[in-house]
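Participant: Structure for the following, please:
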Amino acid sequence: MTVSRCAPIILALGLGSCIDSVPPVPLPASLRVVPVATGLSSPVFLTAPPGDSRQFVVEQTGRIRVIKGGQLLVTPYLDIASKITCCDERGLLGLAFHPNFAANGFFYVNYTGAGGHTVIERYRASPASDVADAASAFLVLGVEQPFANHNGGMLAFGPDGMLWIGTGDGGDAGDPQNNGQTLTTLLGKMLRIDVNRAPYGIPADNPFATSTTNRREIWGWGLRNPWRYSFDRVSLELFVADVGQNAWEEVHVVPYTRASVNYGWKIMEGTRCYSAPTCNQTGLDIPVHEYGHTDGNCSITGGYVYRGAAIPGILGRYFYSDYCTGFLRSFRRSNGQAVEHLEWDVGDLGNVTSFGEDAAAELYILSTNGTVYRLSGP
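Facilitator: Residues are numbered from 1 along each chain as shown. This next block holds a predicted model:
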């Protein structure tokens with residue numbers, strides 16, 4: 001494994017590549033998780049604006065909380081509990097700060113509102129303030145949900161400055177409406193929109209940008225429930241952890257510039273045909289990694305490729321977990337393959353709902369036990 005000396009420069013300047021390198025740093029013999037906040041109500045995500053030392057934690061029940069200087073602030077950053085439908089797979093599910101947040105104060109949330117339908121809203125805050133303007137709500141996009149589950153929930157700004165929104169197939173078992181493979185619906189998709197135009201614009205290079213039938217917001221399709229996905233800060237690849245149906249959890253990795261990716265659902269679950277012994281896999285993206293529903297596994301919780309400075313021995317490793325078993329596993333990529341699979345003994349994490357990444361690219365793990373943990377060296 002090659003460790004990049006340029007990582008701090010990339011983080012500071014937002015650069016997408018680095019050619020300087022130093023000799024490999026050995027893997028640490030162990031990792032630890034350090035609690036940084038406790039007593040949270042169903043924490044499901046953590047993020048931070050570029051260059052900001054705070055961490056912002058999404059509570060599924062409808063609030064965003066701030067960790068500042070290692071302390072969880074009492075007053076919520078935003079409280080929209082009265083607007084959301086919660087819980088199970090519904091609630092306040094995602095948060096993304098605009099890349100230019102320091103100047104415009106914009107941030108975006110993903111939640112299930114009235115009737116359980118998905119709502120993407122923009123809010124505004126003074127960049128240095130610990131409390132946002134709850135009255136600044138601006139509707140960006142709504143997506144009707146036919147069932148109560150598989151709402152997706154993640155949204156993130158890509159290296160291209162566009163807002164990416166992952167949507168589930170709409171729910172129930174086996175995608176009965178075939179939403180994942182239907183291009184006239186926003187369900188079961190990776191959406192990509194330009195929020196620098198109100199309420200949003202369609203990027204000209206979206207695959208159906210000029211279509212009169214298919215949804216123009218679509219960038220990729222064939223997803224069951226991409227609960228968490230992320231962009232590698234160095235390779236700029238998109239890592240999508242798609243929650244499986246009956247037997248297999250999967251991770252896809254593609255360049256962020258690659259449009260029209262068909263992730264395969266419900267033709268396939270993982271690398272297997274889903275509903276028939278054989279299936280036509282032509283044009284489908286095959287996951288780089290999958291694992292089965294053995295030993296209590298049930299639902300992948302996708303994470304991030306580690307690009308922080310605190311633990312150089314794990315640079316370039318992708319970390320993920322499972323909601324039911326709460327393991328902490330990682331792999332790295334080599335020649336397009338997932339290699340060096342490891343499971344880290346960090347103790348009982350409970351039900352892992354999400355990973356998070358702060359502005360310095362350090363990693364956090366969130367659990368239904370109300371705790372936010374920071375990944376630490378031995």
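
Participant: Centre of the chain to the longest strand along the chain, how far?
Facilitator: Of all the segments assigned as strand in the chain under DSSP state E, the longest by residue count is strand 133-143. Here strand 133-143 is found 20 Å from its chain centre; the criterion is Cα atoms, centre = their mean, to the nearest Å.

Participant: What strands flank the helix or strand just after that strand, and is each parallel or antiparallel?
Facilitator: Heading C-terminal from strand 133-143, the first helix or strand you meet, by DSSP states H and E, is strand 155-157. Paired with strand 155-157 in the same sheet, following DSSP bridges, are strand 163-166 (antiparallel).

Participant: what comes into contact with the partner strand?
Facilitator: With Cβ atoms under 8 Å, 6 or more residues apart in numbering as the contact definition, strand 163-166 has outside contacts at 96, 108, 110, 120, 141, 152-158, 189-195, 200, 217, 219, 223, 226-227, 229, 238, 240. Glycine gets a C-beta too; all of them are placed from N, C-alpha and C.

Participant: now with 7 Å?
Facilitator: Contacts of strand 163-166 with the rest of the structure, by Cβ atoms under 7 Å, 6 or more residues apart in numbering, involve 96, 108, 110, 120, 152, 154-158, 190-193, 195, 223, 226, 229.

Participant: Which elements pack onto whichever helix or strand comes after it?
Facilitator: Sequence-wise, the next helix or strand beyond strand 163-166 is strand 189-193, with elements assigned using DSSP H and E. Secondary structure elements in contact with strand 189-193, counted by 3 or more Cβ pairs under 7 Å, 6 or more residues apart in numbering; DSSP states H and E, are strand 163-166, strand 218-221.

Participant: looking at those, which is closest to residue 178?
Facilitator: strand 218-221 (11.1 Å; Cβ to Cβ).

Participant: I'd like the average pLDDT over that closest one.
Facilitator: When the per-residue pLDDT values of strand 218-221 are averaged, the result is 98.

Participant: from the chain's centre, how far out does that strand sit?
Facilitator: In this view, strand 218-221 has its centroid 16 Å away from the chain centroid, taken as Cα atoms, centre = their mean.

Participant: Now do the closest residue to residue 30 other than its chain neighbours against residue 33, distance only.
Facilitator: Ranked by Cβ to Cβ, 6 or more residues apart in numbering and with sequence neighbours excluded, the top spatial neighbour of residue 30 is residue 378, at 4.5 Å. Relative to residue 33, residue 378 is positioned 12 Å away (criterion: Cβ to Cβ, to the nearest Å).

Participant: ditto for residue 252
Facilitator: 26 Å.

Participant: Between the two, which is the more surrounded one?
Facilitator: More neighbours surround residue 252 than the other of residue 252 and residue 33, with 26 against 20 (other Cβ atoms under 10 Å).

Participant: Determine the three-state secondary structure at the more buried one.
Facilitator: Three-state assignment for residue 252 (DSSP: H, G, I helix; E, B strand; the rest coil): strand.

Participant: Distance of it relative to residue 354?
Facilitator: As it turns out, when the distance is counted by Cβ to Cβ, residue 252 lies 18 Å from residue 354.

Participant: Can you list the residue ranges for strands in the stretch 201-350 of the chain?
Facilitator: Counting by DSSP state E, counting those that start in this stretch, the stretch 201-350 of the chain forms strands over residues 218-221, 228-231, 237-242, 248-255, 261-262, 268-269, 272-273, 289-292, 300-301, 317-322, 328-334, 337-344, given from the N-terminal end onward.
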